[in-house]
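1. Pasting the sequence and the predicted model now:
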Amino acid sequence: MQIIQHGGTAEQIINKSKFLAWAAYCQSEQEVGAFLRAITSQHQNASHLAYAFRIKTPDGVVPRFSDAGEPSGTAGMPIMQRIEGLSLINVCVGVIRYYGGVNLGKGGLARAYGGTAKLALDASTIAEYIEMQQLALTIEYNRLDALTKALSQINGEVLDKQFDEKVHVVVNFPLAEEQAFIKRFKSEYAD
């Protein structure tokens, strides 16, 4: 699986219709909604805003798409096919169309929406998805720097620190490192 690190945009004109696309990293359906509202607010005169997204949840990947009034299967599905072709998750691609007066037909629409989505994805920076794990830990003050260094060596980080008699931290690190990290924590950092 992959994610978008930096979203891309694209624009093309096909038979007098103007197609614009945006690809963005979104972690929830709420973020997708905000992303699509931002596009709509900037392009209120667009004829259509078709989109597709795939969001990873604890229950699996949630895929959704919309043809936005275009004939069924001609807009949202071609966008989704581009997303799935790259094995992307936590992504939304929106494509707007300004109708140019020439009907493109079902095949033409599918190629236009899918092609514009592909251009936006090609313009995006894509990275491998790494599933992360969060843990709440309690350590002695003198172990905080060592813990921070150990986390950085496995692409982890301290998300939150609370200072009391001891330091209460919330850490985030790759799930693949969980067993090794817990073993190391118990032997080196715990009381």
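-> Arrived safely, thanks for sending.
2. Name the next helix or strand downstream of the helix or strand encompassing Ala110, please.
-> Using DSSP states H and E, Ala110 falls within helix 105-122. Sequence order places strand 125-128 as the next helix or strand after helix 105-122, per DSSP H and E.
3. That following strand pairs with which strands, and in what direction?
-> Within its sheet, and counting by DSSP bridges, strand 125-128 is paired with strand 2-6 (antiparallel).
4. buried residues in the strand it pairs with?
-> Neighbour-count burial for strand 2-6 flags Ile3, Ile4 (criterion: 16 or more other Cβ atoms under 10 Å). In this view, the C-beta of every residue, glycine as well, is placed from N, C-alpha and C.
5. after that strand, next one along is what?
-> strand 9-14.
6. Okay, and the beta partners of Val170?
-> Ala136, Asp160.
7. Report pLDDT for it.
-> Looking at Val170, its pLDDT is 94.
8. Over the helix holding Ala110, what's the mean pLDDT, rounded is fine.
-> Mean pLDDT, computed over helix 105-122, is 96.
9. Need the residues that contact that helix.
-> Outside of helix 105-122, the residues within contact range by Cβ atoms under 8 Å, 6 or more residues apart in numbering are 4, 7-12, 14-15, 17, 19-23, 50, 52, 70-71, 73-79, 81-83, 86, 88, 93, 95, 97, 104.
10. residues contacting Ile130?
-> Ile130 neighbours (Cβ under 8 Å, 6+ apart): Asn155, Pro174, Leu175, Ala176.
11. And it, how close does it get to Ala136?
-> To Ala136, Ile130 is 20 Å away according to Cβ to Cβ, to the nearest Å.
12. Over to Lys149?
-> Taking Cβ to Cβ as the measure, Lys149 and Ala136 are separated by 19 Å.
13. thought Phe35 was touching Asn90?
-> No: using Cβ atoms under 8 Å, Phe35 makes no contact with Asn90, being 11.7 Å away.
14. Gly101: what secondary structure?
-> Following DSSP: H, G, I helix; E, B strand; the rest coil, the label given to Gly101 is coil.
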